[in-house]
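1. Please work out how this folds:
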Amino acid sequence: MIFEGLPTTPRSEELVDKAFSRAARAGRAKRGHEAQESMLRTAGNVLSDNLENVVVSWPDFGFDVDPFYYELADAIVDVDRLRQALSQVMWASRQIESLRDEYTTKIRNSDVDAARKHRKQAFARMADVMDQIEDDLRYIGDSRDDLRDLPDIRPDEPAIVVAGYPNVGKSSFVNRVTRASNEIAEYPFTTRGVQVGHFERDHVRYQIVDTPGLLDRPEDERNDIEQQAVSALEHLADVVLFVLDPSGDCGYPLDVQLELREEVRALFDESIPMLTVANKHDRFDAVRAEAVDATMSVTDDENVERVLDMAVEAAAFEPDLPTRDREE
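-> Residues are numbered from 1 along each chain as shown. Below is the predicted model of the structure:
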């Protein structure tokens, strides 16, 4: 996952202590001008290199982050604020490099006492730069902690997004078709576990995503974070599978379930197919035939594979096959 390998972000005070401690050790090994210059360059290098590493460890949100993960990240953290913080940290890295070079010249062109004063002045200015980005480093660190546990969903693999009210059989369906390959985890945009399962058809791995707390209730009951997480799903879905319980045993009357279906349909682009499936099809008399695309009974294991085949067919995923250049 794109944010999983992000390293821990150091705090400003922690970096300053590290840089000045290493500088002191470097200075003890030399004398006179060499000691002052060695301390200055050591501190400057430690600070500028560590700050640059913080920035380059992040993907470029403008080019490297898929729209799905961009929307998902923005639902959890303020991506604009994060990008600004990363920009400020890179500015600080360059500023400290400039101070290092400026005061190296001053040290070389002065006597030993003046060199010591220049080095102390440089340290003070470097510490001031670090103070200016204290909040930025903290925000980057907090963002990293929030984003590293996002679901391992791959935008380049076909995805079936499952929707419908609670207790209609969505999780049972996902468990049934993915066998033991599903993963359930808590993510910041919902208080309930998001279920991500996988299965294969014709050597293509499909993802099937059940999102409790997102597509299982009307839009006006979702908070801002949940609304934006739903927007992320719009970039992910190749097909939407809406599950109904025609018996109403789920606790929601059929007409209410059908209203939610229309809301979910409106969330996704018209190019994204939606299949409506009635679970517990022994109670199918409660649904008009034209209201659904298929029926199944997950409990009795009836027609489940057929529904999955329909979803795969609707996704119409065509993998990119390697080509071999032919010699003219």
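
2. shouldn't residue 163 be in contact with residue 244?
-> No - judged on CB atoms under 8 Å, residue 163 makes no contact with residue 244 at a distance of 10.3 Å. Every residue, glycine included, has its C-beta placed from N, CA and C.

3. okay, and the common contacts of these two?
-> Here residue 163 and residue 244 have residue 261 as joint contacts, going by CB atoms under 8 Å, 6 or more residues apart in numbering.

4. so how many other residues sit close to the closest residue to residue 3 other than its chain neighbours?
-> Leaving aside its sequence neighbours, residue 3 sits nearest to residue 147 (CB to CB, 6 or more residues apart in numbering; 4.2 Å). Applying other CB atoms under 10 Å, we find 22 residues neighbouring residue 147.

5. gap between residue 147 and residue 2?
-> Distance, residue 147 to residue 2, by CB to CB, to the nearest Å: 9 Å.

6. how about low-confidence regions in the stretch 1-150 of the chain?
-> Low-confidence segments of the stretch 1-150 of the chain (pLDDT under 70): 1.

7. which residues in it form helices?
-> Under the criterion DSSP state H, counting those that start in this stretch, the stretch 1-150 of the chain contains helices at 12-28, 32-56, 67-76, 79-108, 112-132, 134-147.

8. From the contact counts, what lies against the fourth one?
-> Using 3 or more CB pairs under 8 Å, 6 or more residues apart in numbering; DSSP states H and E, the elements in contact with helix 79-108 are helix 32-56, helix 67-76, helix 112-132, helix 134-147.

9. And for the last one?
-> Applying 3+ CB pairs under 8 Å, 6+ apart, one finds that helix 134-147 contacts helix 12-28, helix 67-76, helix 79-108.

10. For it, which outside residues touch it?
-> Against helix 134-147 from outside (CB under 8 Å, 6+ apart): 3, 6-13, 15, 54, 58, 73, 76-77, 81-82, 84-86, 88-89, 188.

11. One more pass at 7 Å, please.
-> Under the criterion CB atoms under 7 Å, 6 or more residues apart in numbering, residues 3, 6, 9-12, 54, 73, 76-77, 81-82, 85-86, 88-89, 188 lie in contact with helix 134-147.

12. Equivalent analysis for stretch 299-313, please.
-> Outside stretch 299-313, the residues that touch it by CB under 7 Å, 6+ apart are 160, 173, 176-177, 201, 206, 239, 241, 275, 277, 281, 293-298.

13. Buried ones among these?
-> 160, 173, 176-177, 206, 239, 241, 275, 277, 281, 293-298 (16 or more other CB atoms under 10 Å).

14. Out of those residues, which is nearest to residue 33?
-> Within those, the smallest distance to residue 33 is 66.8 Å, found for residue 206 (CB to CB).

15. host element of that closest one?
-> Here residue 206 sits within strand 204-210, counting by DSSP states H and E.

16. about what we covered before: the buried ones among the contacts of stretch 299-313: which two are farthest apart?
-> Among these, 206 and 281 lie farthest apart (CB to CB), at 23.3 Å.

17. Give me the nearest residue to residue 93, chain neighbours excluded.
-> residue 51 (3.8 Å).

18. in terms of contact, does the one you found touch residue 88 like I think?
-> No - look at residue 51 against residue 88 with CB atoms under 7 Å: they stay out of range, at 9.8 Å.

19. the more surrounded of those two?
-> The neighbour comparison of residue 51 against residue 88 (other CB under 10 Å) goes to residue 51, with 28 against 19.

20. ok, residue 298 touching residue 173?
-> Yes - when contacts are counted by CB under 7 Å, residue 298 is listed as touching residue 173 (5.2 Å).
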